[in-house]
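*Asks:* just coords:
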């Protein structure tokens, strides 16, 4: 029987924090990881998790990436993902799925690091494919399948940029990742009753304390604790996992209290290197 785990590699936001890397998580099936987003520090978190005995796989196993959208806190770790595992011995190309623009982003990264690539190829017999990526544009529907997992995408709403939510269906679990998004009509039906729902969130209680411009922004591209509680009541996940939490001075316990005021299901606030 396959064993599926969710590993939180980075639970952070655009704000650099001492204890949170940028957005990134892995769904693993029999220790084969499928990475969702790659913010700052995510590859380093893989190294830390392996050293601590939290995971059995390593950076060279990072060969599949699913990008929710192109904001820097979800993609700035891409050069690290391409080049560091290659130096560690990865021989395969990374297969990367994401919005339009991801292919251009990867090509520009390759151009920017061409001196680095040439030097390493000339200095040791590294695989010429291990630092490259096969980028595939995502549309709503099934975007990937192999013997371990089927991956589906649906449109998220994160402002003007193209954005997606993903659903991973394995032999023993269904895991839904919202990405950055405001509540979207039809999402609850699409995500219905997963084992785990990983969803971004901001504090409703602290929203009024934000400057007006930030209120206008967050209310149109993100999901509040009140909105997420209502959404979770429709979706009925086995476990609701909060990530990309905008605390604004509140604590994890405060966010859980805000959700719990109207939602009675199991819910946790994720930290880096949590495993579910």
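*Replies:* Looks like it arrived, so ask away. These numbers come from a predicted model, not from an experiment. Numbers count the residues shown, from 1 in each chain.

*Asks:* low-scoring stretches of the stretch 51-200 of the chain, by residue?
*Replies:* Where the stretch 51-200 of the chain drops to pLDDT under 70, the residues are 123-126.

*Asks:* ranges for the strands of it?
*Replies:* Secondary structure of the stretch 51-200 of the chain (DSSP state E, counting those that start in this stretch): strands at 64-66, 94-98, 133-137, 141-145, 150-155, 164-169, 174-177, 196-202.

*Asks:* take the ones you listed and lay them out in JSON lines including distance to residue 2 and mean neighbour count.
*Replies:* Yep, even glycine has a C-beta here, placed from its N, CA and C like the rest. Converted to JSON lines, the strands of the stretch 51-200 of the chain look like this (distance: least, Cβ to Cβ, whole Å; neighbours: other Cβ atoms under 10 Å):
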{"stretch": "strand 64-66", "distance to residue 2": "16", "mean neighbour count": "23"}
{"stretch": "strand 94-98", "distance to residue 2": "20", "mean neighbour count": "22"}
{"stretch": "strand 133-137", "distance to residue 2": "24", "mean neighbour count": "17"}
{"stretch": "strand 141-145", "distance to residue 2": "14", "mean neighbour count": "14"}
{"stretch": "strand 150-155", "distance to residue 2": "13", "mean neighbour count": "19"}
{"stretch": "strand 164-169", "distance to residue 2": "11", "mean neighbour count": "23"}
{"stretch": "strand 174-177", "distance to residue 2": "13", "mean neighbour count": "25"}
{"stretch": "strand 196-202", "distance to residue 2": "15", "mean neighbour count": "26"}
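
*Asks:* tell me which of those approaches residue 221 most closely.
*Replies:* strand 196-202 (9.9 Å; Cβ to Cβ).

*Asks:* and the closest one, what other elements does it pack with?
*Replies:* With contacts defined as 3 or more Cβ pairs under 8 Å, 6 or more residues apart in numbering; DSSP states H and E, strand 196-202 has these neighbours: strand 174-177, helix 225-235, strand 239-246.

*Asks:* need the winner for burial among those.
*Replies:* Neighbour counts (mean count of other Cβ atoms under 10 Å) averaged over each of those peak at strand 174-177, with a mean of 25.
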